[in-house]
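Visitor: A structural model of the following input is requested.
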Amino acid sequence: MDNNTVSNKLKEPDQFQQESDIMSNDGLKVISRDQLSLVYDTLNPKERPITFWDKYSKFGYFMSYNIESPIISFSSKSLVIAINQDQVCKISFSDNPEKEISNHKIASTRSNLFPEFIGQVDFNNGWKGIVMERIRIYNQLNFSAGELHKMKLDFVNQIDDLHNNGIIHNDLGFAKNSDVRINIIISEKKIRLIDCEKVIIKSNNNDCSKEQDDERNNIHEFIGELGGYGFCYLT
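Guide: Alright, predicted model coming up:
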């Protein structure tokens, strides 16, 4: 390999950044590295990526620039950034992010099924974010049959309390083209709810009986999907 071939492979970090944007997991949204840098400047995440040029690589490649390091998830609907071990920021790309922020703030004060609302962030590019409790996600294999059974019972009871407190999550079905209910998650100690974009805050002026019944059906289907011992086998 001659020197000209090697020099064509060498790219300084600034040139590398300009050539590569970040695409969402569903392939429907692209954001630039400049936009991500703005987010990082505002949030100052613990895992902020570090740029360095590996001058000693025998192949002369730019070896390490992981701009995605703090990203937990990125879809056409939202970007979730890990701020630290206890907090995340969700940036909504919906047409009305203020509604989701308001819904989350109200819902989390009425039920701890939702991540704790910590604050709102307004970015200089017009994006809006929710800073919230970070929830570690587990699955049913992390728990004994008895532990899982108790979590199921507690979850059903808390959903009833949620509805009695005037909140309907309203988005607990399967994700589009998926067999996963992405807005119901299992945490270390209990089953939780995320994503407040479609939350309904009940009032005296709206009849939400259909939405509430649909939600109860989704919950009971989810309980069956978890597997393990059914309610009738444990006392």
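Visitor: ok, and what's touching the one helix or strand residue 37 maps to?
Guide: When elements are assigned from DSSP states H and E, residue 37 belongs to helix 33-43. With C-beta atoms under 8 Å, 6 or more residues apart in numbering as the contact definition, helix 33-43 has outside contacts at 17-18, 20-22, 48-49, 67, 70, 79, 81, 83, 89, 91, 121, 123-125, 127, 129. Glycine gets a C-beta too; all of them are placed from N, C-alpha and C.
Visitor: What subset of those is buried?
Guide: Neighbour-count burial (16 or more other C-beta atoms under 10 Å) applied to those gives 17, 22, 49, 67, 70, 79, 81, 83, 89, 91, 121, 123, 127, 129.
Visitor: And the furthest pair within these?
Guide: 17 and 121 (23.3 Å; C-beta to C-beta).
Visitor: Just grab the bridge partners of the residue nearest the centre of the chain for me.
Guide: By C-alpha atoms, centre = their mean, the chain has its centre lying nearest to residue 80, at 5.3 Å. Using DSSP bridges, the bridge partners assigned to residue 80 are residue 73, residue 90.
Visitor: mind listing what it touches?
Guide: 71, 72, 73, 74, 88, 89, 90, 91.
Visitor: And the last one, what's its pLDDT?
Guide: Right, residue 91. In this model, residue 91 is scored at 98, pLDDT.
Visitor: Over to the fifth one?
Guide: Residue 88 carries a pLDDT value of 98.
Visitor: Give me the secondary structure label for it.
Guide: Classification of residue 88 by DSSP: H, G, I helix; E, B strand; the rest coil places it in strand.
Visitor: Residue 49 is in contact with residue 69, correct?
Guide: Yes. With contact defined as C-beta atoms under 8 Å, residue 69 reaches residue 49; the gap is 4.5 Å.
Visitor: Can you list phi and psi of the residue lying closest to residue 105 once chain neighbours are set aside for me?
Guide: The shortest distance from residue 105 to any residue other than its chain neighbours is 4.8 Å, reached at residue 117 (C-beta to C-beta, 6 or more residues apart in numbering). Dihedral pair for residue 117: phi -80, psi 120, per degrees, to the nearest 10.
Visitor: what's the weakest-modelled helix or strand in this protein?
Guide: Of all helical and strand segments in the chain, the minimum by mean pLDDT, DSSP states H and E falls on helix 3-9, at a mean of 36.
Visitor: So which bits of the helix ranked longest in the chain are buried?
Guide: Of all segments of type helix in the chain, defined using DSSP state H, the longest is helix 145-164. For helix 145-164, burial by neighbour count (16+ other C-beta under 10 Å) applies to 148, 149, 151, 152, 155, 156, 158, 159, 162, 163.
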